[in-house]
Every structure is written in C-alpha cells, then in structure tokens.
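[1] sequence and predicted structure, then a few things I'm wondering about:
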Amino acid sequence: MEYNFRQLEQKWQLYWKENSIYKTTENPSKPKYYVLDMFPYPSGAGLHVGHPLGYIASDIFSRYKRLQGFNVLHPMGYDAYGLPAEQYAIQTGQHPAVTTKINIARYREQLEKIGFCYDWDREIRTCEPDYYHWTQWVFIKMFNHYFDTKHQKAQSIELLVKMFETSGTEGISTNCTEELSFTAQEWNSKSEKEQQEILLNYRIAYLADLKVNWCPELGTVLANDEVSEGVSVRGGHPVEQRVMRQWSLRVSAYAQRLLDGLQTVDWTDSLKETQKNWIGRSEGAEMNFKLSQGELEVFTTRADTIYGVTFMVLAPESDYVKICTTPEQAAAVEAYIAATKKRTERERIADRRVTGVFSGSYAINPVSGTEIPVWISDYVLAGYGTGAIMAVPAHDSRDYAFAKHFGLDIIPLIEGCDVSEQSLDAKEGIMKNSGFLNGLTVKEAIAAAKKYIAENGIGRVKVNYRLRDAIFSRQRYWGEPFPVYYKAGLPYMLDESKLPLELPEVDKFLPTEKGEPPLGRAKGWEVEGFPLELNTMPGFAGSSAYYLRYMDPKNDKALVSPEANQYWRNVDLYIGGTEHATGHLIYSRFWNKFLFDLGIVCEEEPFKKLINQGMIQGRSNFVYRIIFIINDGRRFELFLSYKFYNEIKNNILYPFPLLFESWFSTLNSEIKIQFGENYLIDNGIDVESYFTLSKKIREKSLDETVNEIFQEDLNIDLLPFEVIVQNIHCDVNIVSNDVLDIEKFKAWRPEFADAEFILEDGKYICGWAVEKMSKSMYNVVNPDDIVEKYGADTLRLYEMFLGPLEQSKPWDTNGIDGVHRFLKKLWSLFYKDDNLLVNNDLPTAEELKTLHKTIKKITFDIENFSYNTSVSAFMICVNELFTLKCNKKAILEPLTILLASFAPHIAEELYHILGNETTVCDAVFPVCNEEYLVESSIKYPISFNGKVRFMLELPADMPKEEVEKTAMCNEQTIKQLAGASPKKIIVVPGKIVNIVM
RNA sequence: GCCCGGAUGGUGGAAUGGUAGACACGAAGGACUUAAAAUCCUUUGGCUUCACGGCUGUGCGGGUUCAAGUCCCGCUUCGGGUACCA
C-alpha cells in the first residue's frame, strides 16, 4: 500500500466531521485550555501560505494539550465587517453581505483542507445579528457608565447623576473630556438637554466634537492606529485633521490599568514594550505661568529646567491662542493658523520646517520671575498635555530649532555643556544657572523642582498619557449600526430588548447628496419618529470581545453565560501577528477590563500568553529580458538566463561592448544553435564593425575602451542599437528550484508566447528576491495547490519546518520535498508494497533510546514553540528507525501519537493500521523514560588550547581524575604535547577535556 | 532621531559558554531501470595536501575565559515599531 495522502486525508476529515471529534463542551471534570487564533478578515483573495502559519502552530498546541488530557477550546470565526467588501460593493453594486458570504465559504473550504481541529459549531461572524447584538449591548453599557479615577473602575452613570444632585462636581474623581465645575443647585436647575450634554463629558462611550483623522478618499474617519505616516493604513490615502462630532470610547481612562496589566501577562518583551510606548506614560508637573490677563498652564517632565525657559509655545488649536493674541499681532496669528489648518498631517510630517508666530503676549516665569514671550507653533500638539509648553531651547532639540530660527535666547543649565551647535537633551550632568537647583544632578533637580512647585502653589505633580480615546464612528455602511436615536439633537440608547438593531438595506453604498453616511439612504431608519444614528461602528468593534463569544456562541440571553465564562475564563494561548500590537490588543484589553468592572467576565486580562508568528514573506522569481532597439526602429527581445544577466548587471556602465563581448565569446554558439548561423546578419547588425570593436576591446582594458567609445575615437553611431535590460517578475508557480518551465511561461501571458531564450546548460535559471507576498509580485503561493500536490500533512510540517515560528522568513516551495519524503519514509516503516511490516517483537535498547530521545525532544519543543526543530527530530527518529529496520508496534505506536499533533491525517491512518479503533486525538501522549537514555560510554573530545584534536571513548561513570589520567597517558596526547608539559588540564565530566600548553 | 529584533555554507536553518554547520533543500557522483519518475548509497563551508592531515571560518574591531556563534564594550548593516508626546 502506498502513502496515498489524497484519499487518506479526505477519509479522515470526513470521519472527524461525522463523529464530531472536535466538538467541545464545558466539562468540569477536565482542566480547560483555550487556544485562540487571531480573527481573520475574509478577503476576496483567499488564504495564501502565510496565513495558516499561526493556525498550524496553534493547532499543534491544541492537539498536544488534548493528548495531555486537557479539555481544549479551539474555535475559529470571521471578522466579517470591513472596508474592502464595501469598496468592492461601491464598484460593483454587489451587496457586501453577499461577497462576504462567498469569501467566508472560500476561507472555510481552504481551512478545512488543512485539517484543523476547530470546533466549527462555535463559528461566529461579526456581521450577523446574533453576534453584533452583543457588540451593541456593550456599547449601551459603555454609554451608561463613567470611569471613577479614584477607584480606577467603571461605575454606573446613575451614581454620578446622584452625586451631581447632592453635591455637584465637588469631590468627584472621574475621567472626562473637559474638567467642569458646578454645584448641586446649578445641576438641578439645568434642563434635561443641558444635563445630557454634560453627562456626555463623562460617559465611557461618548459623543463629542473632536479633532479626527478624516480620510476624504475613504469618506470616513479613522482611529489613530489606522493611520500611519499621515496616510491610511488600508489603501494609503491621505488623512487630514478635522473637527467632527463623533462617538468615542474613553480608552484613555484605562491607561494606567492597561499599563499595569502588562506585568501580569506572558507576552514577549518587545510587544509589551510597543504597548508601553503606545500608552506613553510620562510623569511630570503641571505649572502655571501668569499672563497680563489670566494664566497659562503647561505640562513638563523637566521641571528642573525651569530657569532655562526663554519662551512659551501654544498649539495653534489651543484655547490659549485667543487669550494671548494681542490686537497688533491678530492678523499675523490668524494668517498662521489658517495656513496650518490647510496642511494635512502628512505634509506636516514630511516638511519639518520650523514655523510659528509671536502672539504678542508675555508670560512670567513663576520661579525666576523673568518675562518671556509667548509664541504659537504647530510643533506643539493640542491633544497632549495642556496644548502649551514652556520652551527650554538649551535642553530640548525641538525648542532649540525654534529658538535658533526665530533668534530667541538659549540659556545652558548643565555644567560644561556646549549649546552653540545643538541642544543637550540627555538627563545627565550638574545644574548651573538655576538658582536653588545649582550643583544638583539632573535627577535630583527634577525631584527638587517638583517639590518646590507643589509646595509653592505654582503647580502640581501630574501623570500624562499619550494614549488617546478611540474614535468609534465610521461614515460607512458595512459595519454594526449604533443602537442610538436622537431626540432634540441628543443621543439616547435603544432599550436592550430592542436589540439587535439590524443593518438596514440601502439603494447605494454611497453617501447621500447631503453628505450624510450611507445609512442616510435607508428607508424608515428611525424609532417612534426619532432618527437613528447614521454612522456605523469601526472594524475593531466586532473583534474586541469575540474571544468571549466563542465560550458561549449561541447564547441569545447574554454575551456569555457566567457558567461558560467561569469555566473557560480567558485565552491561555493566543497566536497572531504583531500588526495588532497597538490596535486590537489594546482595544480588546480595554473592552475586557470594562466588562470585568461590570462583573460580566471573571478575568481582567483576556490573553494570558501571546505568541507572535513571524510574517511569511514572498520569494519572487525574475526573468531577464534584454531588448535591442535597432536604429531603423526594429526591436528584438531575448530572455537571458540568470548567469548572463548577472554579467551585464555587474558591468552596468559598459553594456554595449560587454554585451557584444559575451555574445561573441560566450554566447556565439548558443546564438547559432538557437537562431541560426546568420542571426546577426539577418537582423541587420553590422557584423564587420562589431568584429573591429570586439578586437579593440580584447586588446585594451575595459576602461580605456569605454573612454574611447564615449569620447572621440569611435563614433557613437557605430553602435547600431540601443539596449534595455529589464528584470520582470515571473509567476513563482511556473518555476521550480529556480528553473523556469518555458512552456508554461509562454502560455502565462500572450506577450511571451513567442519568447526566445538564452539558456545555460539547457535550462532557464531565474533570479530571485525576498519581497512581500503579494499578487503584484506574482509570488503568492496558495495552500490549496500545496495540499493538492503534497497533502495537508506535508504543508503543515513544511510550514513549521521553515524556521522559528516567531521569525519572519520567506516562503520557498523548494525544500518541501524533504518533508514529503519524510512522511513517505515513515510510511515505509509500516508497509512495503502491500505487506504490513508491523510486528509485536520486543524493542531493543537502541530502538527504545531513539524513541525516548524523540519523546523528550518533541515534548520540550512543543512547550517552547520550537516546531522547526521538532520536525527535524522526527526526521532523525525515522532515519534511525529506518537504519535499524525497526517495524515494531511498541516503537511505532508512541511515535504515531507524538506525530499526531503535527500531521494528524497520516497519524490517524497509522494509528488505525496499528489496530486502534478510536481517534488518535484521544490517545495518551507518551512520556519519556530517562532510563532508556542513559549512556554507558562517552566520546570525549580531547582539545589542546581549545582546539579539538581527537576523540576518546571512555566509560560514562569514569571519575574526573581517571578521565584526566587516561587522557594524559594516551599516545595521541603525548604526540600533541611533543615533550612540552601542560600548564593546566580542564576536565568537564561527560563533556570535554581541554589541555592548556 | 528613539525603542525593539536580527546577521552562521549556494539556500532555509541547528547548536544549556564545551566537537560550529544538526535536519532539510540544492548540487555532484553512483546503484536500480530499455528509459523516465520514484527509491537507495556516497560526497558536499573555504583554502591546502596524492594521502594522513594542516590552516581558516558564525557581519566588523576589541575584551572576559582553559574554552565565545553564545557573555561584555564599540561599530557596520538589515528588518520591525514609533514619530514633533514637552
């Protein structure tokens, strides 16, 4: 019987499905383990081989845990709302629900082929009403809660209203958009509308006029993590700043808890670091600077530099601008602000020119008492701190650039520092020019200055975070509708019993004539005569709590039942890409903490352990086309094999003579064979002049020749053609081991149908490069094709074999034969032709050693996610058993179970061949018995000055002194020493002997 | 600029401070075959030697150590994150 992977994989996939092998239920008698893959967005392009990398890794771990007796939850579903489906709908008129459904079906089909152990009964889709019901429900909860900073916890908004009614804002501690202050009496005398408007200032889901990232091309706003370098992450469209009334989530309220929580999770340091930076906690002081009218409040982390403040800077959007601008400067300030508004964020980033304008006012330094000018510049951000800074040009490079540009004073504050060329930003040195801080180190000075400021009522110690609230409105169709209606312009939540609020139909997926979002087109989009919200929720809405829904996916009474949540608690292992480091992984932690505050979930952190799989890059292939354009306008094209292209490339300055050289010396025969004796003549190339030129080249150095050609000696007209050399991406699927399949290439694109080639050794060798895997580079490899050709088990093993899980690496289908051969070799331990070889003989010590060595290695590797080395270990094991001609059940059965996590189909088949009638998934994972690994002798490397000279086999239990003695008496040692006496002898028992001479 | 992570044969990669290059691909040679495929065997870092062997070798320059790919210091370079965050 042959290893017929096609038939065998199909058979077992069907068996697993029909017998619900992967169905999971809450089973209190077993310990739970929750393994999660990052939610895929079902794109129209389907999966490429990069996608399943993490899924295979998590699948191996899930199966391993199950074999170890855990009740494993390993679900899969789809992040089904999203921009691409909507963009596609705009272009084609096809409803996004339709295309999404098709894409999901394709994903499902592709995933099923790979043999994952997903419990498909738990599949969820964010675009389905039973799912987004709970997205909307959480939103209502967020609207009805505020964040109590004192208790660091979400609290019911009713509690806040009660406090307002009894004591106003007196003594409250909340996170809010704007600090407000009113008495109980004032509150109670306000109208309902006024009260609602005030409450928005405190709600965790709130509506506010915010400066947002507006992307005109996409016609929507974007969250900070959806914008990079001033353009949208999806599509690369420009983004500009605009003030709009938008829903937002008060993520920033949770900044400290999000930061603290990082200490409790088992994530990589680099990922934690990225989140830390994104949260951006900085401790400093808020200080007040007196103006002739009013005060300026600034935030600084360098209170120690207070004596070096020579000017103040306001953000153009700051409210302080109005206060500070004097009538004389009004026109200049207005012009400056108008100019800044026009620039998109991208322009501001790209163009680092120093710009600014003087406001006309002066402020008083509260410590030194000096008078300093107040400027306005866009290098100060309105959204951070107070939107105003104290500038210390000597010790801040941005302030320095500004001061130099506008000729402002620079006062150095550190002993011995030179600020004539640049500022000294480092926090080190001894203070000078700083009054009471003189002589202190910077660190001491920071503390002393803070203390001084607090004690003298100049300001207070303050912590700031870079983390912004998440803008939650999208002017889009394909997303969750908000459960919100408007009464007199104020938002109200639908009653929970009305959920889900289903996405309505529209005639077109475009904004209305009035510029409203697409939902403005929906008929009857209102409740009891009140209009419903026209925005929809962003992509991260549906993906922020999906891991909870998997615990109880069909529940129509709750997001997740307390029982299911108590059992599954949180994700034990989460595998996914780093691209979610600042988006999804912040939002879902925030979301989870909010639900934790409400007592809906029992764990504060959603993802205990997180592994980032590396990206699979593409490996592109190139063909090289050389085009000759003859003076008379005719052109010839030839495809050069890599070797010849390389010659030309290495001498790019000299294409003409070199090309000719290589034609005549290297390629002449090939040209004759390929194109006939008279190729050059037939093509109107002046053979005579070429011979002359060629002769000249051979006689002189290349440099000389080129000089001649391009200067005076030879007329440039002598060269009858122009040469263009191109490297063209070529579909990797028609290339094998860099050898081009010429027939397939000709059929690939019509323009290549008549292509002609210069070959090396009868083959066309392509060039290659590692690039992003993308359609445009023709380097996309589809897992379906691999499964078809080699089988799912080979694909799974090969993806793991490529290299360490967490590292980025290029996909190169070359090499897959190795793992496929391994499976065939394993099979050959069971069958030769149609004869089953397996017997019940007792295993030898050597065979047991091979097996148990492998058990030990595989167990260790799985626990450490070092899957590439486990595949190697399997290969070594099978190679050894093959050499030993071992066909014993006692060895092969445990090996089959070991392999079952990696290659489940073949393992299931072999397990049944061995006489088992239940699934290998429920076998017991073998345990290593160290007794079999004990060695009786050790081959000691004997080294001299660290260099190994020979090996010496000695009994394993030989004591150190004996080893030394035996080694020293050895004749090879005596030979190496050549009469010299060793200075020192180092013996590491069981390891090595080193003799120092 | 700042913060992370890398750099080992033709290629992917392996190596608790203890024989660098496991395992695999590719390549070369051989066996089987009418032939091909498949399979099996041998060789395969570089230089050198008829050979035994020798020298050299983990991006570069130093250092610690009996012993460094691995630890320390200083560079070069390639990825990734972040970008006026006061």
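    The structure has been received and is ready for your questions.

[2] so how many other residues sit close to A:R749?
    Per other Cβ atoms under 10 Å, the neighbour tally for A:R749 reads 12. Quick note: C-beta positions are derived from backbone N, CA and C, even for glycine.

[3] before we move on, what about the one 10 residues further on?
    Under the neighbour criterion other Cβ under 10 Å, A:L759 is assigned a count of 18.

[4] now A:H852
    A:H852 has 20 nearby residues by other Cβ under 10 Å.

[5] just give the closest residue to it, not the sequence neighbours.
    A:Y932 (4.3 Å; Cβ to Cβ, 6 or more residues apart in numbering).

[6] tell me the buried residues in stretch A:815-823?
    By 16 or more other Cβ atoms under 10 Å, the buried positions in stretch A:815-823 come out as A:I816, A:V819, A:H820, A:F822, A:L823.

[7] near RNA strand B, which residues of the stretch 801-950 of chain A?
    On the criterion Cβ under 7 Å from any atom of the strand, RNA strand B has as its neighbours in the stretch 801-950 of chain A the residues A:801-804, A:807-810, A:812, A:814-815, A:817-819, A:821-822, A:824-825, A:866, A:868-869, A:871-872, A:875-876, A:879, A:882-883, A:939, A:941, A:943, A:945-949.

[8] same check, this time on the stretch 601-750 of chain A
    A:N737.

[9] OK, contacts around the residue in the stretch 601-750 of chain A positioned nearest to RNA strand B?
    With Cβ to the nearest atom of the strand, the shortest gap between the stretch 601-750 of chain A and RNA strand B falls at A:N737, namely 4.7 Å. Listed by Cβ atoms under 8 Å, 6 or more residues apart in numbering, the contact set of A:N737 reads A:N814.

[10] in chain A, what residue comes closest to RNA strand B?
    For chain A, Cβ to the nearest atom of the strand, closest residue to RNA strand B: A:G818, 2.3 Å.

[11] check contacts around the closest residue to that residue other than its chain neighbours.
    Nearest residue to A:G818, sequence neighbours excluded (Cβ to Cβ, 6+ apart): A:F801, at 7.6 Å. Going by Cβ under 8 Å, 6+ apart, A:F801 touches A:G815, A:G818, A:V819, A:Y867, A:N868, A:V871, A:S872.

[12] quick check, pLDDT for A:F801.
    Predicted confidence (pLDDT) for A:F801: 94.

[13] how much space separates it from A:C117?
    20 Å (Cβ to Cβ, to the nearest Å).

[14] show me the contacts for A:M615.
    Per Cβ under 8 Å, 6+ apart, neighbours of A:M615: A:G50, A:G577, A:S808.

[15] please repeat the previous calculation with a cut-off of 6 Å.
    A:S808 (Cβ atoms under 6 Å, 6 or more residues apart in numbering).

[16] so how far is the helix or strand harbouring A:Q13 from its chain's centroid?
    Following DSSP states H and E, one finds A:Q13 within helix A:5-18. The chain centre lies 34 Å from the centre of helix A:5-18; the measure is Cα atoms, centre = their mean, to the nearest Å.

[17] that helix vs RNA strand B: in contact?
    No - no part of helix A:5-18 sits near RNA strand B under the criterion Cβ under 7 Å from any atom of the strand; the closest distance found is 12.9 Å.

[18] helices or strands up against that helix?
    Counting contacts by 3 or more Cβ pairs under 6 Å, 6 or more residues apart in numbering; DSSP states H and E, helix A:5-18 is packed against helix A:904-913.

[19] tell me the angle of the helix it packs on relative to helix A:5-18?
    For helix A:904-913 against helix A:5-18, the angle by axes from the mean of the first three to the mean of the last three Cα atoms, to 10 degrees is 80 degrees.

[20] which residues of the stretch 301-450 of chain A lie near RNA strand B?
    A:301-302, A:315, A:348-349, A:352, A:378-381, A:383-385, A:387, A:389-390, A:396, A:398.

[21] I'd say the residue nearest to A:H852 and A:K849 touch.
    Yes - at 5.2 Å, A:Y932 counts as touching A:K849 under the criterion of Cβ atoms under 6 Å.

[22] and stretch A:984-997, end to end?
    The straight-line separation of the ends of stretch A:984-997 (Cα to Cα, to the nearest Å) is 7 Å.

[23] quick one on the thing from earlier: quick one: buried ones out of the residues of the stretch 301-450 of chain A next to RNA strand B?
    Looks like those have A:301-302, A:315, A:348, A:378-380, A:384-385, A:387, A:389-390, A:396, A:398 buried, using 16+ other Cβ under 10 Å.

[24] contacting residues around A:C127?
    A:C127 neighbours (Cβ under 6 Å, 6+ apart): A:A80, A:Y81.

[25] how many neighbouring residues does A:E273 have?
    Under the criterion other Cβ under 10 Å, the count of neighbours that A:E273 has is 13.

[26] er, A:N814 I mean
    Using other Cβ under 10 Å: A:N814 sits among 12 other residues.
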